[in-house]
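1. Return atomic coordinates for the entry below.
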Amino acid sequence: MFEQIGQLLIQSVFGLVIYIALLRLWMHLARAPFRNPVGQAVTAFTDWAVLPLRRLLPPFRNFDIASLVLALVAQGLMLTLLFWISSAGRGWPSSWIGAFFMVALMDVLRAALHIVMFVVIVHVVMGWMNPYNPLSPAFDALTRPLYNVFRRFVPQIGNIDLSPLFVLLVVQIGLIVLDNLPRLLVGAG
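-> Numbers count the residues shown, from 1 in each chain. A predicted model of the protein is given here:
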């Protein structure tokens with residue numbers, strides 16, 4: 001029982017840090033405005049770690065390396081703590097070190113795809129309910145580059161834009177590939 005409670009708390013706290021760090025990275029990549037409630041919350045929540053990391057790892061063009069490192073470190077710490085709780089404090093077998101980094105990277109990619117899915121769904125729902133919501137510019141800036149990829153090839157039907165559907169389809173395919181990648185790598189080796 002206490003092991004499950006500990007795992008839940010660790011996954012909740014570190015998961016929140018990972019998702020918000022990845023959202024900050026995406027907002028920088030998409031040049032989304034940070035002067036809105038979403039941007040201000042993301043900044044306030046991650047500045048404690050991102051600003052010191054930026055002294056060591058400045059952004060490269062529009063890629064916020066510090067936010068990515070924060071997400072990867074948080075994922076690594078979360079996996080370490082979860083393993084430590086489930087193994088009663090025994091150490092890592094040396095053969096697992098490479099697998100540990102691969103699992104951490106795949107989990108961060110999976111979290112990034114979940115963020116894309118969440119943002120697209122929220123953007124679509126906001127467009128139906130209240131397109132003039134104060135959060136709309138941030139969500140529009142995040143989703144526009146993704147939608148534009150499909151808007152070139154898929155015309156609107158009536159006044160309905162199908163590009164969010166195709167973005168969600170690609171995200172689902174990406175999640176399927178990530179879920180099956182370990183099995184494919186083990187089968188190939």
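2. how about the one helix or strand in the chain whose mean pLDDT sits lowest: buried residues?
-> Here the helix or strand of the chain ranked lowest by mean pLDDT, DSSP states H and E is helix 163-188, holding a mean of 87. By neighbour count on 16 or more other C-beta atoms under 10 Å, the buried set for helix 163-188 is 163-164, 166-168, 171, 174. (C-beta placed from N, C-alpha, C; glycine too.)
3. Compile the residues you listed into CSV and extend it with columns for distance to Ala32.
-> Below are the buried residues of helix 163-188 laid out as CSV (distance: C-beta to C-beta, whole Å):
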residue, distance to Ala32
Ser163, 18
Pro164, 17
Phe166, 21
Val167, 16
Leu168, 19
Val171, 18
Gly174, 21
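4. count of neighbours near Met126?
-> Counted with other C-beta atoms under 10 Å, the neighbours of Met126 add up to 16.
5. which element is it on?
-> helix 97-129 (DSSP states H and E).
6. what's that helix packed up against?
-> The contact analysis (3 or more C-beta pairs under 8 Å, 6 or more residues apart in numbering; DSSP states H and E) places helix 97-129 against helix 2-29, helix 65-86, helix 136-151, helix 163-188.
7. Please report how far Met106 lies from Leu181.
-> 7 Å (C-beta to C-beta, to the nearest Å).
8. how about the residue of the chain most remote from its centre, what does it touch?
-> Most distant residue from the mean C-alpha position of the chain: Gly158, 32.9 Å away (C-alpha atoms, centre = their mean). With contact set as C-beta atoms under 8 Å, 6 or more residues apart in numbering, Gly158 has no partners.
9. out of everything not next to it in sequence, what's closest to the residue nearest the centre of the chain?
-> Using C-alpha atoms, centre = their mean, the residue of the chain that lies closest to the mean C-alpha position is Ala112, 2.5 Å off. Excluding its sequence neighbours, the residue lying closest to Ala112 (C-beta to C-beta, 6 or more residues apart in numbering) is Leu22, at 5.1 Å.
10. from memory that neighbour sits against Leu109, does it?
-> No: under the criterion of C-beta atoms under 8 Å, Leu22 makes no contact with Leu109, lying 9.6 Å away.
11. Need the pLDDT of Phe118.
-> On pLDDT, Phe118 comes in at 97.
12. In contact with it, which residues?
-> By C-beta under 8 Å, 6+ apart, no residues touch Phe118.
13. give me that answer again for 10 Å
-> If you count contacts by C-beta atoms under 10 Å, 6 or more residues apart in numbering, Phe118 has them with 19, 23, 171.
14. I'd say the first one and Leu113 touch.
-> No: using C-beta atoms under 10 Å as the test, Tyr19 is too far from Leu113 to be in contact (11.4 Å).
15. so who does Phe63 touch?
-> Taking C-beta under 10 Å, 6+ apart, one finds 25, 28-29 in contact with Phe63.
16. Pull out the buried members of those.
-> 25, 28.
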